[in-house]
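**Q** The amino acid sequence is not available; the structure is as follows:
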């Protein structure tokens, strides 16, 4: 068991003395006295893998997969076991739509080939008709004006000009027929190729509806970029891990410190931790990283935490498993033979700190200089003398 810190023994004695005094019986105090103590930041957390084999969908296609089922977290799995299944309803619908569009494209191609032959025949018949009409009309150019009226001759000449334009247009249609027919077929083939690509993509996706483990191990859920664990109903993308297989014995501690308590955290600091599954044993670790900003642990809880990663000095392979919950104390500093007060006794801020020292029945405000801090303790480096009785609460008449 952890020894009761000296400061709390002092505080208990001070409260006892205060209780025996008629004048100050209602004012809790702490007596300033040189003491040596650790500055501690408390945190909870869990064991995470420091080395693991990621399990992910192949990155051959780009699309989201909705998780329909996952093997229980921390379950022991064998190589080849199914660890996740995905919802295929939307993929099947998309595949059917792509297959229908492919069939439509093939029908368009067949119809284009059939109508192309009919169009070519129509152009040939139209050309024969125009040539025949031109031959008849051209006879009016050589007729005797005494046999036909002038208007009849003018109409015939106009028809001849129109038929000439028709013949030129039909010649253009015939000359460009192959080019136009090929362009239409190319457009349809491009549409068909696009739908075929979609169809192949859906077929590949349907072959990935089950994800199997590549090795033996303990299955651990991966997390989203926002820190949430993956599970049923979540969407994953190929190439991103859906789970992990931790390497046996390769674990470290991940600690979560409330933002307001994250005081003095640095790399290399000593960590004492106890697993919830074995509270009678204490392990030591050292801080290897501190997150630069605080963030919520999940989207439903707005409270922010600073994440601390710690390397465990001696890993108990049989006891320590990924996912084990733990409690920890991070030693952020140590005061040797100095004044350390409960944080509630120090008021103001770092540059303008003060305490209230009791003088009989009167509380006297005293400016102090503070040094290192923890969430519940403050080192006072100047402004106090040994034996000063420091009030733990604000006096009634304090401004």
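**A** Everything's here; your move. This is a predicted model, so every value here is computed, not measured.
**Q** Which SSE is immediately downstream of the longest helix along the chain?
**A** Longest helix of the chain, by residue count under DSSP state H: helix 150-206. Following helix 150-206 in sequence order, the next helix or strand is strand 210-212 (DSSP states H and E).
**Q** Stretch 343-362: end-to-end distance?
**A** Using CA to CA, to the nearest Å, the end-to-end distance of stretch 343-362 comes to 22 Å.
**Q** list the buried ones in it?
**A** Buried residues in stretch 343-362, counting neighbours by 16 or more other CB atoms under 10 Å, are found at 345-346, 353, 355-358. No exception for glycine: its C-beta is placed from N, CA and C like everyone else's.
**Q** roughly how far out does stretch 360-379 sit from the chain middle?
**A** Put simply, stretch 360-379 sits 44 Å off its chain's centre (CA atoms, centre = their mean, to the nearest Å).
**Q** Now do it, average pLDDT.
**A** On average, the pLDDT along stretch 360-379 is 90.
**Q** what comes up buried for that stretch?
**A** For stretch 360-379, burial by neighbour count (16+ other CB under 10 Å) applies to 363, 366, 368, 370-375, 377-379.
**Q** What of stretch 167-187?
**A** Buried, per 16+ other CB under 10 Å, within stretch 167-187: 167, 170, 173, 181.
**Q** Then stretch 95-113?
**A** 95, 98-99, 101-102, 105, 108-109.
**Q** Same question for stretch 115-131.
**A** Buried residues in stretch 115-131 (16+ other CB under 10 Å): 116, 123, 126-127, 130.
**Q** ditto for stretch 281-290
**A** 283, 285, 287-288, 290.
**Q** Of all pairs in the residues you listed, which one spans the longest distance?
**A** The most widely separated members of the buried residues of stretch 281-290, counting by CB to CB, are 283 and 290 (19.6 Å).
**Q** hmm, back to that, need the buried residues of stretch 360-379 in JSON lines (columns: distance to residue 252).
**A** Formatted as JSON lines, the buried residues of stretch 360-379 follow (distance: CB to CB, whole Å):
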{"residue": "363", "distance to residue 252": "48"}
{"residue": "366", "distance to residue 252": "45"}
{"residue": "368", "distance to residue 252": "39"}
{"residue": "370", "distance to residue 252": "33"}
{"residue": "371", "distance to residue 252": "31"}
{"residue": "372", "distance to residue 252": "26"}
{"residue": "373", "distance to residue 252": "27"}
{"residue": "374", "distance to residue 252": "23"}
{"residue": "375", "distance to residue 252": "23"}
{"residue": "377", "distance to residue 252": "28"}
{"residue": "378", "distance to residue 252": "31"}
{"residue": "379", "distance to residue 252": "30"}
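**Q** returning to what we had before: nearest to residue 304, of the buried residues of stretch 167-187?
**A** Using CB to CB, the buried residues of stretch 167-187 come closest to residue 304 at residue 181, 67.3 Å.
**Q** check contacts around that closest one.
**A** Applying CB atoms under 8 Å, 6 or more residues apart in numbering, we find residue 181 in contact with 112, 116, 119.
**Q** Let me have these in TSV, adding pLDDT as columns.
**A** Formatted as TSV, those follow (pLDDT from 0 to 100):
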residue	pLDDT
112	86
116	82
119	80
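**Q** Closest one of those residues to residue 321?
**A** Nearest to residue 321 among the contacts of residue 181, with distances taken as CB to CB, is residue 112, at 65.7 Å.
**Q** is it true that residue 337 touches residue 35?
**A** Yes. Between residue 337 and residue 35 there is a contact under CB atoms under 8 Å: 7.2 Å.
**Q** Which one's more surrounded, those two?
**A** residue 35 (16 against 8; other CB atoms under 10 Å).
**Q** can you pull up the bridge partners for that one?
**A** Beta-bridge partners recorded for residue 35 (DSSP bridges): residue 338.
**Q** Roughly how far does it sit from residue 41?
**A** Residue 35 is 19 Å from residue 41, where distance means CB to CB, to the nearest Å.
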